[in-house]
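J.: With the input below, show me the fold.
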Amino acid sequence: MARITSANAFMVDLAPKVVRTDAIQSFKSQETIFVVLHDADGAGGMGYSYTIGDGGPSILMLLRETLLPRLMGQDADRIEAIWRDLLFCSHATAVGPIMSLALAAIDTALWDMRGQKTGLPLHVLAGGAKKTVPMYTTEGGWLHLPPKALVEDAQNAKAKGFLGSKVKIGTPSVSGDVARLEAVRSALGDDYEIMTDANQSMTAAEAQRRVPMLERLNIAWFEEPLPSDDIAGHRRLQAHSRVPVAVGESLYSPGQFADYIAADACTIVQADVARVGGITPWLKVAHLAEAHNIAICPHFLMELHVSLVCAVPNAPWLEYIPQLEDIAAPMACKAGTAIAPDTPGLGIDWDHEKLKALTVSGSSFEIREDT
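T.: Model (predicted):
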C-alpha cells in the first residue's frame, strides 16, 4: 500500500502575455493552484488547477480544511476510490467549479505520482492512442482585435504549420462578426480551419441569426453560443445547424456532459481537465464521447491536455494558448503539431526556483499524516 503521508499546496499568479478578451470577460490572470503529494515509499507527484483571476483562495481553503486532511493515509494507487471519496465527503459543494478545481489539483498529482512510480508518461498510462496532435491557435483571435490583426495572426500561424485558428465572436451586431470571419476566410483560404467561440454570450435568437453565416464560411464549430445550463436551447440550435455546436469548458462533471450528449445538444465536447475535476473524470467524458462518435477538443491547459488528447482516439485538436512559460519549459511541438512528452507522469518540466519565487505570499501550507 502506497500510503499518502504528506501534501503541500501553494498558489502562483500568472499574468497573461497578451490581452485576452471575449464577449463576456477579460482574462485577468491565471491563479494556478499546485498540490504536491508524497507517499510512505518516498514517491511524489505534482498536480495543478487554475482560475482566470478569481476564486483561487477558496480552492486553497477547501484543500486545506477538507480534502487534503482526508487524503492522508489513503492508498495513492487507488485513484478512482480517492476521487469518489473526496467528492462525496463534501458532496454539498458539488457539482460546481470550486469543488472540481480542487479535486483536479489532487487528481492530477496522483496521476503524476503513478507515472513517476511506473516510469510511464501520462499519454501511455491513460490509453496511448497516439503521440502527436494538430494544434489550432486561440491566442490571436480575441474579441478586441480588429479584422486586420486576426488575419495577420492566422497567416503567421499557418506559416508555422498550424491548421486552424479560433476567432472570438459576439460583437453587438451580426455584421461585426461577419466582418471578422470573412476577413480571415478570404485571406487564409478554404483549407484552413476557423473555429468560433461566443463564450455563452448570446440569446437563442442571436445565435440562430449567425448560423447561416457560419455555414456559408464553413466554420469548424460554434462554441458556447448560449449559457452552459441551457441544454434545450443548444439542442434546438444544433438541430437546425450544419455547423457543429461545441460545449464543455463550463461543465463540471461527467454527468453534465452525459446530459448534453443524451439530448443531442452538441456534437463536440470540450472538457477542461481542471474544471471537470481531474484526469479521472476527463477520461470518462472522453470515452463517453467516443461511444457516441463525438470528438473531444479540450479547453485551454495545453501543457496538460497534450498528453490526454494523445491518450484517446477521438481527440483531433489541441488548443494553443501558452500560459506556463514563466514556470515551465515550453511544450514540445513541431510545425503546428504538439508532441506528447515521454517523461514519466504529467511530463511538464517545472522550474521549481521560479515557482518558489512566484508563490503568492501566505498561500503555501503543508498537511501531514501525523497532524
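
J.: quick one: the helices in the stretch 251-371 of the chain?
T.: Applying DSSP state H, counting those that start in this stretch to the stretch 251-371 of the chain gives helices spanning 254-262, 279-291, 302-311, 352-358.

J.: quick one, what contacts residue 309?
T.: Residues near residue 309 by Cβ atoms under 8 Å, 6 or more residues apart in numbering: 133, 296, 298, 315, 317, 318. Placement of C-beta: from N, CA and C, glycine included.

J.: so what's residue 364 up against?
T.: Contacts of residue 364 (Cβ under 8 Å, 6+ apart): 8, 9, 10.

J.: quick one: it from residue 66, how far?
T.: 18 Å (Cβ to Cβ, to the nearest Å).

J.: quick check: domain ranges of the protein?
T.: Domain assignment for the chain by automatic domain parsing gives 4-118+351-368, 123-339.

J.: Below-threshold pLDDT in the protein: ranges please.
T.: For the chain, residues meeting the criterion pLDDT under 70 lie at 371.

J.: for it, what's the longest helix?
T.: The longest helix of the chain (DSSP state H) is helix 97-118.

J.: which secondary structure elements does it contact?
T.: strand 30-39, strand 44-51, helix 56-62, helix 79-89, helix 122-125, helix 279-291 (3 or more Cβ pairs under 8 Å, 6 or more residues apart in numbering; DSSP states H and E).

J.: and among the ones you listed, the most buried is which?
T.: Highest mean neighbour count among these (mean count of other Cβ atoms under 10 Å): strand 44-51, with a mean of 25.

J.: returning to that earlier point: send the alpha carbons of the longest helix of the chain over as PDB?
T.: Extracted in PDB, the C-alpha atoms of helix 97-118 (Å, rounded to 0.1, in the frame of the first residue of the first chain):
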ATOM      1  CA  PRO A  97     -16.300  24.900 -10.000                       C
ATOM      2  CA  ILE A  98     -14.600  25.200  -6.600                       C
ATOM      3  CA  MET A  99     -15.000  21.500  -5.800                       C
ATOM      4  CA  SER A 100     -14.000  20.400  -9.300                       C
ATOM      5  CA  LEU A 101     -11.000  22.700  -9.400                       C
ATOM      6  CA  ALA A 102      -9.800  21.500  -6.000                       C
ATOM      7  CA  LEU A 103     -10.300  17.800  -6.900                       C
ATOM      8  CA  ALA A 104      -8.400  18.300 -10.100                       C
ATOM      9  CA  ALA A 105      -5.300  19.600  -8.300                       C
ATOM     10  CA  ILE A 106      -5.200  16.400  -6.200                       C
ATOM     11  CA  ASP A 107      -6.200  14.000  -9.000                       C
ATOM     12  CA  THR A 108      -3.500  15.300 -11.400                       C
ATOM     13  CA  ALA A 109      -0.900  14.900  -8.700                       C
ATOM     14  CA  LEU A 110      -2.000  11.300  -8.100                       C
ATOM     15  CA  TRP A 111      -1.700  10.500 -11.800                       C
ATOM     16  CA  ASP A 112       1.700  12.200 -11.900                       C
ATOM     17  CA  MET A 113       2.800  10.000  -8.900                       C
ATOM     18  CA  ARG A 114       1.600   6.900 -10.700                       C
ATOM     19  CA  GLY A 115       3.600   7.900 -13.800                       C
ATOM     20  CA  GLN A 116       6.700   8.600 -11.700                       C
ATOM     21  CA  LYS A 117       6.400   5.200 -10.000                       C
ATOM     22  CA  THR A 118       5.800   3.200 -13.100                       C
END
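
J.: so how far is it off the chain centroid?
T.: 14 Å (Cα atoms, centre = their mean, to the nearest Å).

J.: Give the buried residues for that helix.
T.: 97-117 (16 or more other Cβ atoms under 10 Å).

J.: Report the central residue of the protein.
T.: residue 272 (3.1 Å; Cα atoms, centre = their mean).

J.: neighbours of residue 6, just the number please.
T.: 19 (other Cβ atoms under 10 Å).

J.: Could you find the closest non-adjacent residue to residue 145?
T.: Nearest-residue entry for residue 145: residue 153, 7.6 Å, with adjacent residues in sequence omitted and distances by Cβ to Cβ, 6 or more residues apart in numbering.

J.: contacting residues for the closest residue to residue 129 other than its chain neighbours?
T.: Nearest residue to residue 129, sequence neighbours excluded (Cβ to Cβ, 6+ apart): residue 313, at 4.5 Å. Taking Cβ under 8 Å, 6+ apart, we find residue 313 in contact with 127, 129, 130, 290.

J.: try residue 334
T.: Counted by Cβ under 8 Å, 6+ apart, residue 334 has contacts residue 161.
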